[in-house]
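**Q** Build me a model from this:
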Amino acid sequence: MFLYNSVIEASKLDRPVKVGLVGAGKFGAMFLSQVPTTVGIRVDCIADLQPENAKLTCINVGWSTELIKETSFFEDPIEMMKSSELDVIVEATGDPVMGLMHASTAIKNDMHVVMVNVEADALAGTELALLAEKAGVVYSLAYGDQPALTCEMVDWARSTGFEVVSAGKGTKYLPVYHNSTPADVWQHYGLTAEQARTAGMNSKMFNSFLDGTKSAIEMAALSNATGLSPPTDGLKFPPAGVDDLANILKPRAEGGMLETSGQVEVVSSLKRDGTPVFKDLRWGVFVVIKAPNKYSSACFKQYGMNTDKSGQYSAMYKPFHLIGLELNISIFSAALLQKPTGAPCNFVADVVAVAKGNLRKGQILDGEGGYTVWGKLIPAQKSLSCDCLPIGLANNVVLKNDVSASSFIRFEDVEISGAHNHQALLMRKKVENQTEFNET
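**A** Residues are numbered from 1 along each chain as shown. Take a look at the predicted model:
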């Protein structure tokens, strides 16, 4: 009740947390739906490329006419931040380049940042965290989304004295999905293109969930926030239900599939033949822990924990996540406790662009969830040594060289133009050069 007590105390002093939302899409809408029933929070401003649609979203999630009238709507997030006195900015656009610009502007204006936009965090989150630390504000991952929820579980495990063997999330995965495109994505979801269009579903966004890019980005955020290492050659997506986690997500030397203890991984809800996994974790998160002694492992059995055959390894998991419906935890934590719900403190993992097919000089890369590339999670050291192009900078850039299918795109292969892309590139290079910060 500690956080809620802080909320109540602030409310008694008539000091609601003043929030500015950037991006009123699905995540933003879910957050907005909780605002009318939440004590101690006030959304003063909403910025969206289509402000009228943002107003319509507020109506659709149950806002009163009076509440909408009290809220200012902007098309330009930078203008919103410069003209408003806000405590917290929620960046929920999903655009990695613009996300960096919005977050850095908020920090410069002494506003806390809750970064829903994991694409931006994977690209240059450690630079934003460092900027926030120097400015005396909080930069935080978004509670309700899987990286922050998993960070919480890792923090719990370490604080109670367990070794964190692995941590991650679940998803629907088959190897063929890496080559999926917006043209064929809906067949994998069991929908027609017309059904998806009627529901307002974005094919590129949903394809990023399917082709492995979103999972890689989320695991990069988790890895950089916790120091858990990524697999050397990308996520393996092993099929595993909740009863299998402790058996599978442990080191190979102990009979599991991990290279070593202390890794991130994503488990699939499908077996490789396409049949469903029993008691899958498609919507959830997990942490696999190891008992430090025989007494602790005996307690696992005594209290009904699911363990591996040795009894030493067990898994804790959360079967669901409510994304935007849970976001207030991050907002209150930043504004009232001055603490993030997860934040990057290392540059351990990177998500790099891999060609979906044979690409030719002069082609324009279309980024996350598109036709040309997908994002693969690899160690940051490997990314830097290969001069790999981050997936966050692989949108709307022109190829200078041919690139064969399944190959990494490298910086030397592309022409990066545009002021915002160059600003994002500069922030990215600062991340790569933050040796001392990366090692803290």
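**Q** Just the pLDDT for the closest residue to residue 175 other than its chain neighbours.
**A** In this structure, residue 175 finds its nearest non-sequential neighbour in residue 272, 7.4 Å apart by Cβ to Cβ, 6 or more residues apart in numbering. Just so you know, the C-beta spots here come from the backbone N, C-alpha and C atoms, and that holds for glycine as well. Residue 272 carries a pLDDT value of 97.
**Q** check which helix or strand covers residue 272.
**A** Secondary structure assignment for residue 272, by DSSP states H and E: no helix or strand.
**Q** Residue 398 too?
**A** strand 395-399.
**Q** if we can go back for a sec, the residue nearest to residue 175 against residue 236, yeah?
**A** No. Taking Cβ atoms under 8 Å as the definition, residue 272 is not a contact partner of residue 236, at 11.4 Å.
**Q** Direction included, what does the top strand by length along the chain pair against?
**A** Longest among the strand segments of the chain by residue count, using DSSP state E, is strand 163-171. If you go by DSSP bridges, strand 163-171 pairs up with strand 263-268 (parallel), strand 285-290 (antiparallel).
**Q** who's in contact with the first one?
**A** Think strand 263-268. Applying Cβ atoms under 8 Å, 6 or more residues apart in numbering, the contact partners of strand 263-268 are 165-174, 215, 219, 222-223, 228-231, 235-240, 245, 248-249, 258, 277, 280-281, 286, 349, 377.
**Q** Out of those residues, name the ones that lie in strands.
**A** Using DSSP E, these in strands are 165-171, 286, 349, 377.
**Q** Among the residues you listed, which one lies nearest to residue 207?
**A** residue 171 (13.2 Å; Cβ to Cβ).
**Q** Any idea what the closest one is bridged to?
**A** Following DSSP bridges, residue 171 is listed with bridge partners residue 268.
**Q** Buried residues of stretch 97-112, list them for me.
**A** 97-107, 109, 111-112 (16 or more other Cβ atoms under 10 Å).
**Q** can you tell me the distance between the two ends of stretch 260-271?
**A** 23 Å (Cα to Cα, to the nearest Å).
**Q** Tell me which residues of it come out buried.
**A** Within stretch 260-271, the residues that count as buried by 16+ other Cβ under 10 Å are 261-270.
**Q** got TSV for those residues, with distance to residue 357 too?
**A** Below are the buried residues of stretch 260-271 laid out as TSV (distance: Cβ to Cβ, whole Å):
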residue	distance to residue 357
261	37
262	35
263	30
264	28
265	27
266	24
267	28
268	23
269	27
270	24
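**Q** which one of those residues is nearest residue 302?
**A** For the buried residues of stretch 260-271, the nearest to residue 302 is residue 261 (24.3 Å; Cβ to Cβ).
**Q** Isn't that closest one up against residue 165?
**A** Yes. In this structure, residue 261 is within contact of residue 165 by Cβ under 8 Å, at 4.9 Å.
**Q** Mind listing the shared neighbours of these two?
**A** 250-251, 290.
**Q** Would you reformat those as CSV and include distance to residue 66, neighbour count and pLDDT?
**A** Output for those, formatted as CSV (distance: Cβ to Cβ, whole Å; neighbours: other Cβ atoms under 10 Å; pLDDT from 0 to 100):
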residue, distance to residue 66, neighbour count, pLDDT
250, 55, 24, 98
251, 58, 18, 98
290, 54, 22, 98
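**Q** rewinding a little: then the longest strand of the chain to PDB, C-alphas only?
**A** Output of strand 163-171 as PDB, limited to C-alpha atoms (Å, rounded to 0.1, in the frame of the first residue of the first chain):
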ATOM      1  CA  GLU A 163      20.000 -16.500  -8.700                       C
ATOM      2  CA  VAL A 164      18.100 -15.300 -11.700                       C
ATOM      3  CA  VAL A 165      18.700 -18.000 -14.300                       C
ATOM      4  CA  SER A 166      16.500 -16.500 -17.000                       C
ATOM      5  CA  ALA A 167      13.700 -14.100 -17.600                       C
ATOM      6  CA  GLY A 168      11.500 -13.100 -20.400                       C
ATOM      7  CA  LYS A 169       8.000 -13.400 -21.900                       C
ATOM      8  CA  GLY A 170       5.800 -15.500 -24.100                       C
ATOM      9  CA  THR A 171       4.600 -15.000 -27.700                       C
END
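**Q** List the contacts of the helix or strand just after it.
**A** Moving toward the C-terminus from strand 163-171, the next helix or strand (DSSP H and E) is helix 185-189. With Cβ under 8 Å, 6+ apart as the test, helix 185-189 has contacts from 177, 180, 192-193, 195-196, 203, 206-207, 210.
**Q** among those, which one has the lowest pLDDT?
**A** Within these, lowest confidence goes to residue 196 (83).
**Q** Verify the contact between it and residue 203 for me.
**A** Yes. If you go by Cβ under 8 Å, residue 196 and residue 203 touch, sitting 6.7 Å apart.
**Q** For stretch 280-299, buried residues please.
**A** Result for stretch 280-299 [16+ other Cβ under 10 Å]: buried residues 280-291, 296-297.
**Q** Same check on stretch 325-341?
**A** Residues 326-336, 340-341 are the ones in stretch 325-341 that count as buried (16+ other Cβ under 10 Å).
**Q** swap in stretch 246-260?
**A** Buried-residue list, stretch 246-260, by 16+ other Cβ under 10 Å: 246-251, 254, 256-259.
**Q** how close does the closest residue to residue 432 other than its chain neighbours sit to residue 144?
**A** Nearest in space to residue 432, with sequence neighbours left out and distances taken as Cβ to Cβ, 6+ apart, is residue 384 at 6.0 Å. As defined by Cβ to Cβ, to the nearest Å, residue 384 lies at a distance of 32 Å from residue 144.
**Q** Comparing those two, which shows the higher neighbour count?
**A** Using other Cβ atoms under 10 Å as the criterion, residue 384 and residue 144 rank with residue 144 on top: 22 against 12.
**Q** which non-adjacent residue is nearest that one?
**A** Using Cβ to Cβ, 6+ apart, the nearest residue to residue 144 is residue 326, at 3.1 Å.
**Q** on that earlier part again, of the ones in strands among the contacts of strand 263-268, just say which sits nearest to residue 120.
**A** Closest to residue 120, out of all of the ones in strands among the contacts of strand 263-268 and judged by Cβ to Cβ, is residue 349, at 15.0 Å.
**Q** close enough to count as contact, the closest one and residue 227?
**A** No. Using Cβ under 8 Å, residue 349 makes no contact with residue 227, being 9.9 Å away.
**Q** So for these two, which residue has more residues nearby?
**A** Legend: neighbour count by other Cβ under 10 Å for residue 349 and residue 227, higher for residue 349 (29 against 14).
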